[in-house]
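Next one to model:
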Amino acid sequence: MMGSWSLRARLLLWLMAALLLVGVIGGIGLYQRALAEADRVFDEQLQETALALRDRSFLPTSPAYGEREAAADLVVQVWSLTGVRVYSSQRHATMPGLTTLGFSTVDTPDARWRVYGLQTLFNVIQVAQPMRMRESRAARLAASLLAPLALMLPVLGLIIWITVGRALRPLRSLASEVGARPAGEGAPLPARKLPAEVRPLVAALNDLLARLSALRDRERRFIADAAHELRTPLTALRLQLRGLAGATDSERHDSVIALNAGIDRAARLVEQMLALARQDAPEAQTPAMAPVVLADLAREVVTDLLPAADARGIDLGLAADETGAVRGDEEGLRALLRNLVDNALRYAPEHSRVDVIVERRAGALQLRVTDEGPGIALEERGRVFDRFYRVAGSSAGGSGLGLAIVRSIAEAHGASVSLDDGPDGHGLSVTVRFAV
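Numbering: from 1, shown residues only. Okay, the predicted model is just below:
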C-alpha cells in the first residue's frame with residue numbers, strides 16, 4: 001500500500017510517527033524520573049519526621065505531627081521495645097504493623113505503604129506514607145514537565161511539514177523542467193542548486209540524454225546516408241528498366257544482365273546498411289557473449305561463399321587448425337568474417353587466391369584474410385574504415401561499408417583490426433586480433 005504513496009507522504013508519515021514515538025518515550029521517561037524524585041523527597045521527609053520525634057514522649061492522645069505531615073498524609077506509630085504499639089495517629093483504617101528498621105515497603109488490604117523505622121533508647125518510631133501519595137505527586141510533576149512538550153509537538157509537526165515541502169521543492173522544479181522540455185531536446189539538465197542526494201539522479205538523466213542524443217544522431221546519419229547512397233543505384237535501375245522496354249531482342253540479353261547486376265548491387269547495399277544499423281544499436285554494443293570457435297565459424301563462412309569464389313575462378317582456401325574459442329556474439333562474428341571474405345572476393349582478380357587463416361600468435365587468437373588484389377595504399381588505410389568511403393579508381397562495385405562493419409563488430413568484442421600488405425608484398429591482409 002505504501003508503495004503508491006508519494007515521497008512527501010512517506011517522509012511526513014515517518015517523521016510524524018518518530019516525533020510521536022519520541023514524545024511517548026519522553027513522557028514515560030519523565031514520569032519515571034518524577035516518580036524516582038518523589039520517592040527520594042518523600043523518603044527524606046519520612047526520615048526527617050522520625051528523627052524529629054525521637055526525643056518526644058508519646059501518649060495515646062498526644063499529636064505527633066503538624067500540618068506539614070498531615071498534608072503529606074504521614075502516619076506515625078510508636079512501638080515499645082517489647083513490640084507493643086503505644087501510639088498511632090490513626091489516620092487510616094488499616095495501617096502497616098511493626099516492620100524492620102530503616103526503609104521498607106509494606107502491603108495492606110487498603111494500600112501500599114512506604115515505611116521508615118527508627119529505634120530510640122525507649123521505643124521504635126515508625127513513620128509511614130501511602131504510595132499513592134507519591135504516585136500522585138509524580139504524576140503532577142510529570143504533567144507539569146510534559147505540558148510544554150505537548151504544546152511543542154504541533155509546532156514541531158508544522159515545522160516538519162514546512163521543511164519537507166521546502167526540501168522536496170528542487171525535485172518538483174526538476175520534474176517540471178523535464179516535463180516542459182520538447183521531445184528532441186538533448187541539452188543536459190542543470191545540476192546547480194540541487195541537493196547532493198539529487199545530483200546522482202541528474203547525472204544519470206544527463207548520461208541517458210547524451211546516449212539518446214547520440215542514438216538519434218546515428219539514426220539521422222543513417223537515414224541521410226541511405227537516402228544518398230540508394231539514390232544512385234535506384235536511378236540506374238530505373239534507367240535500365242526504361243532501356244529494357246525499348247531494347248531490341250539482341251540488346252535485351254545484355255540489358256537483363258546489367259539489370260540483374262544492378263539489383264544485386266542495390267540488394268548488397270541495403271543488406272550492408274541494415275547490418276551496420278543493427279551493429280550501431282545500443283544492445284549490439286554489449287552483445288551476449290558465449291564461447292565461439294573461430295575455426296568452425298570460418299569453415300561455415302568459407303563453405304557458404306565457395307560458389308561465389310568458383311564463379312570467378314578464385315581459389316578460396318582455409319587454414320584453421322587452431323581450435324581455440326573466443327567469447328563473443330556468434331552472429332556478429334559471422335557477419336565480420338563474411339564481410340572480410342566477401343570484400344576479398346570482390347577485389348581479388350579472377351583466377352587468383354584468397355586465404356582465410358585462424359591462428360594463435362603472441363598469446364592472442366587472430367583471424368586473417370589475405371587476397372591478391374590491388375591492396376590499399378598506406379595513406380588511405382586509415383580512411384577505408386569510414387562509412388561509404390571507396391578507394392579511388394576501384395573497379396569493384398562495393399558499398400564502402402564492409403570494413404566499417406568489421407571495425408564496429410571488432411570494437412564491440414574488444415578486438416583490433418589492422419591492414420597490411422599481402423604475403424608476397426601485393427594484395428591486402430586484414431587481421432582481427434582477439435585477446436584471450
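
tell me which residues of stretch 206-221 are tucked away?
For stretch 206-221, the neighbour count (16 or more other CB atoms under 10 Å) marks 206, 209 as buried. Any C-beta I mention is one placed from the backbone N, CA and C, and that applies to glycine too.

whoops, stretch 45-55 was the one
Neighbour-count burial for stretch 45-55 [16+ other CB under 10 Å]: 45-46, 49-50, 53.

what comes up buried for the helix or strand hosting L145?
Using DSSP states H and E, L145 maps to helix 131-167. Buried positions in helix 131-167, judged by neighbour count with 16+ other CB under 10 Å: 131, 133-135, 137-138, 141-142, 146, 160, 164.

what mean pLDDT would you report for stretch 407-421?
Average pLDDT, stretch 407-421: 86.

Export it to PDB, keeping only CA atoms.
Extracted as PDB, the C-alpha positions of stretch 407-421 are listed here (Å, rounded to 0.1, in the frame of the first residue of the first chain):
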ATOM      1  CA  ARG A 407      35.600  -2.400 -37.200                       C
ATOM      2  CA  SER A 408      32.300  -1.800 -35.400                       C
ATOM      3  CA  ILE A 409      31.900  -5.600 -34.600                       C
ATOM      4  CA  ALA A 410      35.500  -5.900 -33.600                       C
ATOM      5  CA  GLU A 411      35.300  -3.000 -31.200                       C
ATOM      6  CA  ALA A 412      32.200  -4.500 -29.600                       C
ATOM      7  CA  HIS A 413      34.300  -7.600 -28.900                       C
ATOM      8  CA  GLY A 414      37.400  -5.800 -27.700                       C
ATOM      9  CA  ALA A 415      39.400  -6.900 -30.800                       C
ATOM     10  CA  SER A 416      41.700  -4.800 -33.000                       C
ATOM     11  CA  VAL A 417      41.700  -4.600 -36.800                       C
ATOM     12  CA  SER A 418      44.900  -4.000 -38.800                       C
ATOM     13  CA  LEU A 419      45.600  -3.700 -42.600                       C
ATOM     14  CA  ASP A 420      48.900  -4.900 -44.100                       C
ATOM     15  CA  ASP A 421      50.300  -5.900 -47.500                       C
END
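
List the residues that contact the residue nearest to R85 when sequence neighbours are not counted.
Take R85 and drop its neighbours on the chain: the residue closest to it by CB to CB, 6 or more residues apart in numbering is W79, 5.2 Å away. Neighbouring residues of W79 by CB atoms under 8 Å, 6 or more residues apart in numbering: 85-86, 98, 123-124, 126.

P170 contacts A196, doesn't it?
No - using CB atoms under 8 Å, P170 is not in contact with A196; the gap is 11.0 Å.

mind listing which of the contacts of W79 are in strands?
Per DSSP state E, strands hold the following members of the contacts of W79: 85-86, 123-124, 126.

Narrow those to just the buried residues.
The neighbour count (16+ other CB under 10 Å) marks 85, 123-124, 126 as buried among the ones in strands among the contacts of W79.

Need these in CSV (columns: distance to E185).
Shown next, in CSV, are these (distance: CB to CB, whole Å):
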residue, distance to E185
R85, 97
N123, 99
V124, 95
Q126, 90
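
Report the inter-axis angle for the helix or strand D43 falls within versus helix 131-167.
When elements are assigned from DSSP H and E, D43 belongs to helix 7-53. Going by axes from the mean of the first three to the mean of the last three CA atoms, to 10 degrees, helix 7-53 is angled at 160 degrees with respect to helix 131-167.

Please name every helix or strand in contact with helix 7-53.
Here helix 7-53 touches strand 75-80, strand 112-119, strand 123-130, helix 131-167, going by 3 or more CB pairs under 8 Å, 6 or more residues apart in numbering; DSSP states H and E.

how about the ones in strands among the contacts of W79, which pair is most distant?
V86 and Q126 (11.4 Å; CB to CB).

what touches both of these two?
Residues touching both V86 and Q126 (CB under 8 Å, 6+ apart): 78-79.

quick one, which of P170 and A196 is more surrounded?
More crowded of P170 and A196, by other CB atoms under 10 Å: P170, with 15 against 6.

My guess is P109 contacts T94. True?
Yes - P109 is in contact with T94 according to CB under 8 Å; the separation is 5.7 Å.

Specify which residue of these two has the higher count of neighbours.
Remark: of P109 and T94, T94 carries more neighbours, 10 against 6, as counted by other CB under 10 Å.

burial of D321, as a residue count?
10.

Help me confirm that it is found in a helix?
No - according to DSSP: H, G, I helix; E, B strand; the rest coil, D321 belongs to no helix; its state is coil.

From R353, how far out is it?
19 Å (CB to CB, to the nearest Å).

Which elements pack onto the helix holding L145?
Counting by 3+ CB pairs under 8 Å, 6+ apart, helix 131-167 packs on helix 7-53, strand 112-119.
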